[in-house]
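Engineer: next input, structure requested:
(2 chains)
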Amino acid sequence: MRLRLEPGMEIDGFTLREHLSTGGMAQIWSVERNDDPSPDNDGVESIPKADFGSDALVMKFPMLIDSDDPIPIVCFETEQMIMPRLSGPHVPRFIAAGPLDPQPYIVMEHVQGESLKARLSDVPLPWAEVVEIGAKVARALHDLHLQKVIHLDVKPSNIMFRETGEAVLIDYGFARHEQLPDLLAEEFREPFGTTPYMAPEQVLEDRADPRSDLFALGVMLYFFVTGERPFGTPRGGQIRRRLWRDPVPPRAKNPDCPPWLQEIILRCLEVNPNDRYATAAQLALDLENPAQVKLTERAERLERDSGMKTFRRWLKARKQQPLETPNIVGQLSRAPIILAAIDLTPGTEDLAEAQRTLIARILAMETQARVACVNVLKLSRIAVDVLEDEEGRSLHVQRLIQLRHWGSGLELPKEQITYSVLEAVDPAGALIDYARHNNVDHIVIGARASSAFRRYLGSVSSQVVAEAPCSVTVVRTPRDRRQGE
Amino acid sequence: MGLRSAFIARMLIALLTDIHGNREAFSACLAHARSLNVDRFVLLGDYVGYGADPAWVVDTVRTMVNEGAVALLGNHDAAIDGSDEEMNSIAQEAIRWTRGQLGMEQRAFLADLPLVHEEGSVLYAHANGFAPRGWHYITDVMEASRHFGRVDAHITFCGHVHVPMLYHMSNTAKVGSFSPVSDNDIPLLSTRSWIAVIGAVGQPRDGVPAANYAVFDTARQSLRYFRVPYDNMTAARKVREAGLPERLAQRLEEGR
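Structural biologist: Got it, this is the predicted structure:
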């Protein structure tokens, strides 16, 4: 430290209050902001009031001077570059940053509460809690990846939760922004990250793949569900072992872990990023829809792979070459989630067919896309709904069967398609909420051009177009064209 | 960033270089920069050579200087009243043609331009900061290290190479390079030194015909590179009509 930090000390308009923590590379202090700078100075950006989270602030100082290690300062510079570019509920709000001389710092929102590290004393955790944590962290990671940033140091101590439930990812010292210089990679030739959580490609100094964060999340889920880290706490050259040695399957350590959860965790821990989930959004979708997880040999495994298989991976690992350029946006755009909003009313078969044709075309280009087929069972506002028909079959189940029939025409492997019947008074609102919650990239919805149908269907599609958080394609059929003439 | 610099009034500085007599590209960049309400213009040299409208460009630069812009000398500008011996044959032919297009006043204006301009810890130059009159190109990390070794400035803005590039040096003297993505704010951290090479307005060479320029935000200490599409077909046609070498017209069409 260049300055001796003490409570009451003022730095650039902030007053230090309390020393909250000291980590490996930084000290964190709670701070208060002094009076606003002169308001008539148009260069000043006043600090906006928080629209989420707290107004409390912390100041982070790197630990620089005590060692000759140049890495902490470069990590701090990386964080200073990336944090101002981030926004949304899954990151701490950035307030200000100060230069190297006399004392570098970052001021940011004080995310209240404790990090997930506090839960480590309770592992193994109940699997249902692990799943909930996993889905929240996966959604936060997807939001970060959409902002063109890979975290590259996902671990319990870097994850916090807002009171409203959203996961917040902290500490961007090892992160990579696709459109900013990667100072770490340009200056040093070594892997960066926290060794138990580091993805195989990170071990090979590849800092370009957003799916590295999914591997680290897999390590975390494994740890929470079994109480042990899948690759231990290796040192030195031992960190390369994960390139060929697979972990003991979670169910061998904790029989309570359901097969589908083991499937998800082991898929995250695949050595080749192409064998993992394509995006964090797709991972979140599986964590929240266990019945629709495609179970493979991974789900049943109770032992590690044989010596021969491991040996073959070892041979392959020796030749592994890192990727060159990051392609965060590209990776995400190849693997979108497409919501097919299907109307199952008799007389709309041609529309459903036209939607299927369009989705098949999208799938031909975006080969890792995932299709979420959704039908809305409209409830009436007043009456108590009769959700069983006269034969006693639940309407919900019946709709699901019809939806599956529609989806089977796409001939997709099970892991690429999910089916949901939503029950809602407001169909458009339900579709929009579903799209928002599941990070849907593209909604394909049918609509009739003719006035006879528009009263019901048209109003849904136009509301979806107006309010959806993503692209929307409205499909019509030749029949609508003819009627328009 | 932060409150320390927040007390400095925010100023947007547009950086334009290597205009090379390309009226269409220069006008498009100036209009773009004005639409962003930039506060100042700094022109990093090479107003003439290659393009068909050197006189118009020089007059526009003169007007801008009268209105407070900074304009530096480039090697093509220096060759108008100096030697063109160092140049390749196409550049030479263009310079000889350009001499006939400029009047005495325009030539005197170019001859009087300064080589470098310094403001606080920011240095502006056409080619480099270590030997500005040698017109040495900064095209790789080695040349950038040479510059950092001999120039104290925190940020150096220059042109001359025609292709945008960003070099930076850490406080442990390690130098890195970054090929900037346009329309994207890049913070020039105070913890390191920077050389921002601005791409050419009037003769882009990276395969994209659109004109280059950049805007520096003094309060945020961030730099944003832009690509501005312009009527390059008209500019190329005028090069042909002027009887300048065919290659110069092709370059504008292809951006390389």
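
Engineer: hey, where'd the helices end up in the stretch 1-150 of chain A?
Structural biologist: Along the stretch 1-150 of chain A, the segments classed as helices by DSSP state H, counting those that start in this stretch run A:71-82, A:127-146.

Engineer: now the shortest one: how far from the chain's centre is it?
Structural biologist: Taking the mean C-alpha point of helix A:71-82 and that of its whole chain, the gap between them comes to 23 Å (C-alpha atoms, centre = their mean, to the nearest Å).

Engineer: what's it packed up against?
Structural biologist: The helices and strands touching helix A:71-82, judged by 3 or more C-beta pairs under 8 Å, 6 or more residues apart in numbering or on different chains; DSSP states H and E, are strand A:57-62, strand A:105-109, helix A:183-187. To be clear about C-beta, it is placed using only N, CA and C from the backbone, and glycine gets the same treatment.

Engineer: the nearest residue to residue A:188 once chain neighbours are set aside: neighbour count?
Structural biologist: Counting by C-beta to C-beta, 6 or more residues apart in numbering or on different chains, the nearest residue to residue A:188 once its immediate chain neighbours are dropped is residue A:71, at 6.8 Å. Residue A:71 has 16 neighbouring residues, counting by other C-beta atoms under 10 Å in any protein chain shown.

Engineer: now residue A:71: how far from residue A:173?
Structural biologist: Counting by C-beta to C-beta, to the nearest Å, the gap from residue A:71 to residue A:173 is 9 Å.

Engineer: lowest-confidence stretch among the helices of the stretch 1-150 of chain A?
Structural biologist: Within the helices of the stretch 1-150 of chain A, confidence is poorest for helix A:71-82, with a mean of 89 (mean pLDDT).

Engineer: per-domain residue ranges of chain A.
Structural biologist: Residue ranges for the structural domains of chain A, counted by automatic domain parsing, are given in the record as A:10-36+A:49-109, A:119-331, A:336-484.

Engineer: thinking again about what came up before, which one, of the helices and strands packed on helix A:71-82, ends up nearest to chain B?
Structural biologist: Between chain B and these, the shortest separation by C-beta to the nearest C-beta is 3.2 Å, and it involves helix A:183-187.

Engineer: report all helices and strands that the closest one contacts.
Structural biologist: For helix A:183-187, where contacts count as 3+ C-beta pairs under 8 Å, 6+ apart, the packed elements are helix A:71-82, strand B:175-178.

Engineer: what does whichever helix or strand comes after that helix rub up against?
Structural biologist: Scanning forward in sequence from helix A:183-187 by DSSP states H and E, the next helix or strand is helix A:200-203. The list of residues contacting helix A:200-203 from outside it, by C-beta atoms under 8 Å, 6 or more residues apart in numbering or on different chains, reads A:152, A:191-193, A:209, A:212, A:215, A:239-240, A:242-243, A:271, A:273, A:317, A:320, A:322-323.

Engineer: which parts of stretch B:38-58 are buried?
Structural biologist: Residues of stretch B:38-58 classed as buried under the neighbour-count rule (16 or more other C-beta atoms under 10 Å in any protein chain shown) are B:38, B:40-58.

Engineer: mind checking how far residue B:150 is from chain A?
Structural biologist: If you measure residue B:150 against chain A using C-beta to the nearest C-beta, to the nearest Å, the figure is 21 Å.

Engineer: show the contacting residues for that residue.
Structural biologist: By C-beta under 8 Å, 6+ apart, residue B:150 lies in contact with B:129, B:130.

Engineer: report pLDDT for it.
Structural biologist: With respect to pLDDT, residue B:150 has a value of 93.

Engineer: residue A:339 in helix, strand or coil?
Structural biologist: strand (DSSP: H, G, I helix; E, B strand; the rest coil).

Engineer: okay, and which of the buried residues of stretch B:38-58 map to strands?
Structural biologist: Judged by DSSP state E, the buried residues of stretch B:38-58 include B:40, B:41, B:42, B:43 as members of strands.

Engineer: so the last one sits against residue B:69, correct?
Structural biologist: Yes: between residue B:43 and residue B:69 there is a contact under C-beta atoms under 8 Å: 6.2 Å.

Engineer: between these two, what contacts are shared?
Structural biologist: Residues touching both residue B:43 and residue B:69 (C-beta under 8 Å, 6+ apart) are residue B:61.

Engineer: pLDDT below threshold where in the stretch 1-150 of chain B?
Structural biologist: For the stretch 1-150 of chain B, residues meeting the criterion pLDDT under 70 lie at B:1-9.

Engineer: so which residues of it form strands?
Structural biologist: Taking DSSP state E, counting those that start in this stretch as the criterion, the stretch 1-150 of chain B contains strands spanning B:12-16, B:40-43, B:70-71, B:116-119, B:122-125.

Engineer: paired strands for the last one, with orientation please.
Structural biologist: Pointing back at strand B:122-125 there. According to DSSP bridges, strand B:122-125 forms sheet pairs with strand B:116-119 (antiparallel), strand B:155-158 (parallel).

Engineer: just the helices in the stretch 1-150 of chain B please.
Structural biologist: Applying DSSP H, counting those that start in this stretch to the stretch 1-150 of chain B gives helices spanning B:2-6, B:23-35, B:54-66, B:75-81, B:89-101, B:104-111, B:141-150.

Engineer: same check on the stretch 201-350 of chain A?
Structural biologist: When secondary structure is read from DSSP H, counting those that start in this stretch, the stretch 201-350 of chain A shows helices at A:211-226, A:250-253, A:259-268, A:280-288, A:297-300, A:307-319, A:328-334, A:349-365.

Engineer: and those: which comes nearest residue B:128?
Structural biologist: Across the helices of the stretch 201-350 of chain A, the minimum distance to residue B:128, taken as C-beta to C-beta, is reached by helix A:328-334, at 34.0 Å.
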